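Q: generate coordinates for the sequence data below:
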Amino acid sequence: MLAKLSYVIQRGYLFGIVTALVCCVASPVVAVAPAAGVWGNGIQRFSHGAVDGGNGFREVTLNAWIDEAGVTHGVMVWRGDVFQELPGGDIHYGGPANTYFFEVFHIDFVGDGMAWVYGVVTASPQGIGDGEVFGFLFRDNGRNGYPDELNGLPIDAGNYLVSP
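A: Numbering: from 1, shown residues only. Coordinates of the predicted model:
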């Protein structure tokens, strides 16, 4: 029996079990209202490779919210919007993906399931977009059965959640 207890202690299992029990029993249960924000990922495809003469898509992923003090937080990633002609289409900088990373600074809820999200570019291929401000319009159509939308057009895949 002592050998089994020694094995459990050596492997750290006992520490994990005790930690889990202390956290569950000793921590108070606090109800937290969901924050207002916009979350998700969506992609739009404008051309589908050689059959369409090139690659063209737009993808935006984000995690943005407004805290209890009214301060906006979050990050956003925008890829695409650079058409690559095929065959042999040469794309400068980041290729057809041309990824831009953003720090979100403002969310404007404009209607049922709709919000504009604004961010400043913090990183882009070779710095071509750093410091620029962009806004995207997200529409959560989960309530009506239609595809969610990005900038007024339906997404081909993904899901956005807009929670005012």
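Q: find the centremost residue of this structure, please.
A: Central residue of the chain (CA atoms, centre = their mean): Leu62, 2.6 Å from the mean position.
Q: quick one, what contacts it?
A: Val38, Trp39, Gly40, Asn41, Gly74, Val75, Met76, Val77, Val104, Val117, Phe136, Phe138 (CB atoms under 8 Å, 6 or more residues apart in numbering). The way it works is simple: take the backbone N, C-alpha and C, and place the C-beta from them, glycine included.
Q: show me how to select, in ChimeraX, the buried members of the residues you listed.
A: Buried residues within these, by 16 or more other CB atoms under 10 Å, are selected in ChimeraX with:
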select :38,39,40,41,74,76,77,104,117,136,138
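Q: follow-up on the earlier one: partner strands of the helix or strand that the residue nearest to the centre of the chain is a member of and their direction?
A: Leu62 belongs to strand 54-66 when assigned by DSSP states H and E. Paired with strand 54-66 in the same sheet, following DSSP bridges, are strand 36-49 (antiparallel), strand 72-80 (antiparallel), strand 84-85 (antiparallel).
Q: distance from the chain centre to the longest one, please.
A: This means strand 36-49. 10 Å (CA atoms, centre = their mean, to the nearest Å).
Q: returning to what we had before: bridging residues for the residue nearest to the centre of the chain?
A: So, taking DSSP bridges as the rule, Leu62 has Gly40, Met76 as bridge partners.
Q: how about low-confidence regions in the chain?
A: Scanning the chain for pLDDT under 70 picks out 1-34, 87-96.
Q: quick one, helices of it?
A: 2-11, 13-26 (DSSP state H).
Q: ok, Tyr118 - contacts?
A: Val104, Phe105, His106, Ile107, Asp108, Val133, Phe134, Gly135.
Q: for Leu150, see how far away it is.
A: 14 Å (CB to CB, to the nearest Å).
Q: same thing with Val120?
A: Taking CB to CB, one finds Val120 at 19 Å from Leu150.
Q: those two: which is more packed in?
A: Higher neighbour count among Val120 and Leu150: Leu150, with 22 against 16, using other CB atoms under 10 Å.
Q: isn't the more buried one up against Arg58?
A: Yes. Between Leu150 and Arg58 there is a contact at 6.9 Å, judged by CB atoms under 8 Å.
Q: between those two, what contacts are shared?
A: With CB under 8 Å, 6+ apart as the test, Leu150 and Arg58 both reach Gln44.
Q: thanks a lot, catch you later.
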